[in-house]
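> With the input below, show me the fold.
(one chain, ligands or ions: 1)
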Amino acid sequence: MTEMPAIEVQALTKRFGETVANDALEFRVESGEIFGFLGPNGAGKTTTLRTLLGLLSPTSGTATVLGADVRDEEPLRQARKRIGYLPAELSFTESVTGESFLGYQAALKGDERLTEMTDLFDPPLEKPIRTYSSGNRQMLGLIQAFMHDPDLVIMDEPTSGLDPLKQERLNSFLRAEREAGTTIFFSSHVLGEVRRVCDRVGIIREGELVALEDIDSLLRKGGKRVRLHTDEPLDEDALALPGIVDFEQVGTVTRFTFTGDYNELLAALSTYSLIDMEIEEPPLEEVFMHYYGDDRGDR
Ligand SMILES: Nc1ncnc2c1ncn2[C@@H]1O[C@H](COP(=O)(O)OP(=O)(O)OP(=O)(O)O)[C@@H](O)[C@H]1O
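Residues are numbered from 1 along each chain as shown. I've put the predicted structure just below:
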């Protein structure tokens, strides 16, 4: 028997007037995986997440979460008991303390993991939420997303507002959650983060899914950054090979991104004397830009 996917998105389309926020999206998130949903601002990530929670209804197509169709109110209500959700913007009653907010959440959905979560993410619970920094608000949000021991957690930009130390704490927590079998689906435009925790990523651009792959093959497609220092300037024509992009040259130093065949590259370089050579993985930001080309939708 194959296990039911935690999330299955089927031709999911959502329009707001003329805007197609989600255009026939199609993907699955398998049970136990950490899936990153990447895209720039306005690409349609929040729309998908809110649809999965039943907060928006699809224009056409549908999705299931833990087997429940998001259009079926009662099955979805049951499934939501086993789902944690961290929205992009948490709205709190500002005058209450973190503690009483969590007390209220506990009464609604349970608190099996409350102590564990408040030990890990430790906002000043005795203070009113209005005094919280954005990082403390985010930590309160993370606590409420996991406190009832959900099977699936859906998070909208979970690292926003967290300082680097807290981000690392979240990342190592997420890796441990994967070991424990929790399924995690989160949106991000912070690609360095995604790479540290995700098994697979989907990239969304202007409502359309433009890539769906495991993180390793995404990095492979992104190629390698190559930097060469030669005894005399390289002739650009000698490097007219398939798979060279972002070519830059300053005197005897040449840089480019290479996605082609290494043997062809070495053959082309054989007539030069190399003083130094570096080949390294590009930052994921760059890989991402290659998917978007020049028109990255940074509107
Ligand atoms: N309630 C709404 N009414 C009208 N248009 C909307 C509404 N919600 C979203 N949109 C539009 O749908 C598109 C996708 O928005 P969405 O919030 O899903 O993007 P996003 O990828 O989550 O962006 P961000 O990273 O900025 O949160 C945008 O063009 C946005 O303006």
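> what's the spacing between Gly103 and Thr97?
Gly103 sits 9 Å away from Thr97, going by Cβ to Cβ, to the nearest Å. Where C-beta positions appear, they are placed from N, C-alpha and C, glycine not excepted.
> ugh, wrong one, I meant Ala107
According to Cβ to Cβ, Ala107 and Thr97 sit 15 Å apart.
> More neighbours: which of those two?
Thr97 (16 against 9; other Cβ atoms under 10 Å).
> So in terms of bridging, what pairs with the more buried one?
Under DSSP bridges, the beta-bridge partners of Thr97 are Pro128.
> what's it in contact with, if anything?
Leu125, Glu126, Lys127, Pro128, Ile129 (Cβ atoms under 8 Å, 6 or more residues apart in numbering).
> Then Val190?
Taking Cβ under 8 Å, 6+ apart as the criterion, Val190 is in contact with Glu157, Thr159.
> Any figure for the gap between it and Leu38?
Relative to Leu38, Val190 is positioned 9 Å away (Cβ to Cβ).
> likewise Asp214?
The value you get for Asp214 to Leu38, if Cβ to Cβ is used, is 13 Å.
> Ok, Leu12 next?
The spacing between Leu12 and Leu38, counted by Cβ to Cβ, is 17 Å.
> and what of Gly17?
Taking Cβ to Cβ as the measure, Gly17 and Leu38 are separated by 25 Å.
> Same question for Asp216.
The span separating Asp216 from Leu38 equals 15 Å under the rule Cβ to Cβ.
> for Phe101, same thing?
Between Phe101 and Leu38 the distance is 30 Å, computed by Cβ to Cβ.
> which one of the two has more residues nearby?
Between Phe101 and Leu38, counted using other Cβ under 10 Å, Leu38 has the larger neighbour count: 25 against 19.
> Look up phi and psi at the more buried one.
The phi/psi pair for Leu38 (degrees, to the nearest 10) reads phi -110, psi 150.
> Just to check, it is in contact with Leu209?
No: because the distance of 10.4 Å does not satisfy Cβ atoms under 8 Å, Leu38 is recorded as not touching Leu209.
> Which helix or strand contains the residue nearest the centre of the chain?
The C-alpha lying nearest the average C-alpha coordinate of the chain belongs to Gly36 (Cα atoms, centre = their mean; 3.2 Å). Following DSSP states H and E, the helix or strand that holds Gly36 is strand 34-38.
> for Phe185, same thing?
Assigned by DSSP H and E, Phe185 belongs to strand 183-188.
> Okay, now the sheet partners of that strand, with direction.
Partners of strand 183-188, by DSSP bridges, with direction: strand 34-38 (parallel), strand 152-156 (parallel).
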